[in-house]
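Asks: just need the structure, nothing else, for what follows:
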Amino acid sequence: MKYVLNNNLSLARYGDGEYSLAFLTGRSGYKGIFFQEADKLLAEKLQDTLFNPIDNLLISIETTFITTSIQYVIMDYERSPKKYKGYLSVYSKNDIGVINNSETRRYQLFYIYYFLKIIRRSSVPVLGDARCFFISNFWPEYCRNQMAEIFELYKSFFIGRRILFVAPDEPLMGVSFRTLVDNGIIKNIKEAYFISVPNKNCFRQYDSILKEILKFKDVDAVFLQCGPTATVMAAELTKKYGKLAYDVGSFNTALLKAAQVHGITF
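Replies: Alright, predicted model coming up:
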């Protein structure tokens, strides 16, 4: 987050869904995920963005599972209930959940495979961490009592900016960015604008969504919450139109949790 903010970079993130859509094929062609159907053009765009550098764009990938199959989750900020093998106690009893099972080990093999594919083919010089907007995964910072610093970085994405939120009014997880703004959880922005998109299969409407975004001439940043479409759209907005664009995923859930649990606003 510091690298993105200090260098005024856009951000595109790759997780298991983006890898699956970009590379996995079956008898009938590319495979989809539950909120985005397969599409050959989307697969091509995802690969092109991943392998070819774009000025002022940081490509971020899943990094945790490259080194370990153990996942630690700060319980105050977990996005959704999980089956925890155990807990750690740092500031209160059982405040960090531990996941280590056959599924996480499969995830590790999955992400290592694609990491090796990326470093063999990609000419992108710097890679970021795709979990940057998942507050529950900042467990080392939590243990070092640095969560206030994380929240300040989150606030820096909003303070004094005119932001265009391209996001569903009914997201698959949490409440909408519109609701966060209306309820003062996001409050330090200069101006908020909204484009409503579907919560599934956004790539069907790629061209029309892009056309709507380009109508907004005087925004400082575009927040994209539209699945893998956000990954490639952040790249296109940066490369072709010189816009600052963030593929934010379920950032809304992190902000909501911080507000609900600790009364933090952004």
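Asks: dump stretch 68-85 to PDB, restricted to CA.
Replies: What follows is stretch 68-85, C-alpha atoms only, in PDB (Å, rounded to 0.1, in the frame of the first residue of the first chain):
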ATOM      1  CA  THR A  68       3.400 -21.600   3.800                       C
ATOM      2  CA  SER A  69       0.100 -23.500   3.800                       C
ATOM      3  CA  ILE A  70      -0.800 -22.100   7.200                       C
ATOM      4  CA  GLN A  71      -3.200 -19.200   7.200                       C
ATOM      5  CA  TYR A  72      -3.600 -16.800  10.100                       C
ATOM      6  CA  VAL A  73      -6.700 -14.700  10.500                       C
ATOM      7  CA  ILE A  74      -7.300 -11.800  12.900                       C
ATOM      8  CA  MET A  75     -10.700 -12.800  14.300                       C
ATOM      9  CA  ASP A  76     -12.000  -9.300  14.700                       C
ATOM     10  CA  TYR A  77     -11.700  -8.700  11.000                       C
ATOM     11  CA  GLU A  78     -12.500 -12.100   9.300                       C
ATOM     12  CA  ARG A  79     -14.500 -11.700   6.100                       C
ATOM     13  CA  SER A  80     -16.500 -14.900   6.600                       C
ATOM     14  CA  PRO A  81     -16.700 -17.800   9.000                       C
ATOM     15  CA  LYS A  82     -14.100 -20.600   8.500                       C
ATOM     16  CA  LYS A  83     -13.100 -23.900  10.100                       C
ATOM     17  CA  TYR A  84     -10.200 -23.100  12.300                       C
ATOM     18  CA  LYS A  85      -7.700 -25.700  13.400                       C
END
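Asks: can you tell me the average pLDDT over it?
Replies: Stretch 68-85 comes out with an average pLDDT of 93.
Asks: need the contact partners of that stretch.
Replies: Stretch 68-85 is touched from outside by 64-65, 87-88, 94-101, 104-105, 107-108, 134-139, 142, 173-174, 250, 253-254, 257-258, 261-262, with contacts defined as CB atoms under 8 Å, 6 or more residues apart in numbering. (Each C-beta comes from the backbone N, C-alpha and C, glycine too.)
Asks: could you turn the buried ones of those into a PyMOL selection?
Replies: The following PyMOL selection, which keeps only the buried ones among the contacts of stretch 68-85, applies the criterion 16 or more other CB atoms under 10 Å:
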select buried, resi 64+65+95+96+97+99+104+107+108+134+135+136+137+138+139+142+174+250+253+254+257+258
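Asks: enumerate the positions of the longest helix along the chain that are buried.
Replies: If you go by DSSP state H, the chain has its longest helix at helix 102-121. The neighbour-count criterion (16+ other CB under 10 Å) identifies Thr104, Tyr107, Gln108, Tyr111, Tyr114, Phe115, Ile118 as the buried residues of helix 102-121.
Asks: the fourth one reaches Arg105, doesn't it?
Replies: Meaning Tyr111. No: the pair Tyr111 / Arg105 is not scored as a contact, 11.1 Å apart, by CB atoms under 8 Å.
Asks: which residues touch Phe157?
Replies: Met1, Leu5, Ala221, Tyr246, Phe266.
Asks: repeat that with 10 Å
Replies: Neighbour list for Phe157: 1, 4-5, 11, 133, 163, 186, 188-189, 221, 223, 246, 248, 251, 266 [criterion: CB atoms under 10 Å, 6 or more residues apart in numbering].
Asks: just the ones of those residues in helices?
Replies: Per DSSP H, the subset of these in helices is Val4, Leu5, Phe251.
Asks: from Leu244, how far out is the second one?
Replies: In other words, Leu5. Distance, Leu5 to Leu244, using CB to CB, to the nearest Å: 11 Å.
Asks: more neighbours: which of those two?
Replies: When Leu5 is set against Leu244 and neighbours are counted by other CB atoms under 10 Å, the residue ahead is Leu244, at 20 against 11.
Asks: identify the residue spatially nearest to that one, adjacent ones excluded.
Replies: When the adjacent residues along the chain are set aside, Leu244 lies closest to Ala221, with 4.6 Å between them (CB to CB, 6 or more residues apart in numbering).
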